[in-house]
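Chemist: Can you look at this prediction? I've put the sequence above it.
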Amino acid sequence: MKRVPYYPNHEDNKHCMLASYRMIISYLLRKELTWEQLEELTGFEDGRVAWTLKGILELHKMGLDIKMIEPFDYKRYSTKGVDYLKNLWPKEIYNWYIDNSNILDIKKYIPEFLQSINFEKRFASQKDIDDMLDEGRLVFVTLNSRLLNNKEGYVSHAVLIVDREENKYIVNDPGGPLGMGGGVKKNKK
């Protein structure tokens, strides 16, 4: 089993993506980064979660092999902008991303992202997760933490799937997106 270091979310509960990146960098590159270095790496701004694009490009530049599967159409977003987002998401999700993330600031990274990253525009499946784990990858996943906690609404949250045992995934969950609380699972030792 992989011995991926575990890092909890920052005390502000808005750094789940950064905590997941910290785990990735520590495990794959054997580097320790501070919150400030991670904020710079990802484009995090105080009070707003960072969309993953800048961070993915930086990880790629560090020599990591990135494979990304998600249904977001970056090419279309780069040309249609906010109109694409309004048609993509229900109002509640659209409002959450506009109010709580830097989605409006990522267009400048899209051309480099599309040229540099192994990206498939589609929904990922459980088989994709299994295949990536079989390839020795760590699997970064964003999800709705409200759904995980059996609550109405939408709050984006990042976790890191580090391995699996039979039909159960081992997840390093940094915990607490935007004050939601929730369980934290450490990688088994």
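Modeler: Cool, the structure landed. Owing to the predicted nature of the structure, the values given are computational and were not obtained by experimental measurement. Numbering: from 1, shown residues only.
Chemist: show me the contacts for the residue of the chain most remote from its centre.
Modeler: Ranked by distance from the centre of the chain (C-alpha atoms, centre = their mean), the top residue is E166, with 24.5 Å. Applying C-beta atoms under 8 Å, 6 or more residues apart in numbering, we find E166 in contact with no residue. (Each C-beta comes from the backbone N, C-alpha and C, glycine too.)
Chemist: Output the longest strand belonging to the protein.
Modeler: strand 156-165 (DSSP state E).
Chemist: Only the buried residues of that one, if you could.
Modeler: Buried residues in strand 156-165, counted by 16 or more other C-beta atoms under 10 Å: 156-164.
Chemist: swap in stretch 39-57?
Modeler: 39, 41-44, 48-57.
Chemist: The lengthiest helix in the chain packs against which elements?
Modeler: Of all segments of type helix in the chain, defined using DSSP state H, the longest is helix 16-29. Applying 3 or more C-beta pairs under 8 Å, 6 or more residues apart in numbering; DSSP states H and E, one finds that helix 16-29 makes contact with helix 35-42, helix 53-61, strand 139-144, strand 156-165.
Chemist: that older thread, between the longest strand of the chain and strand 139-144, how many degrees?
Modeler: 140 degrees (axes from the mean of the first three to the mean of the last three C-alpha atoms, to 10 degrees).
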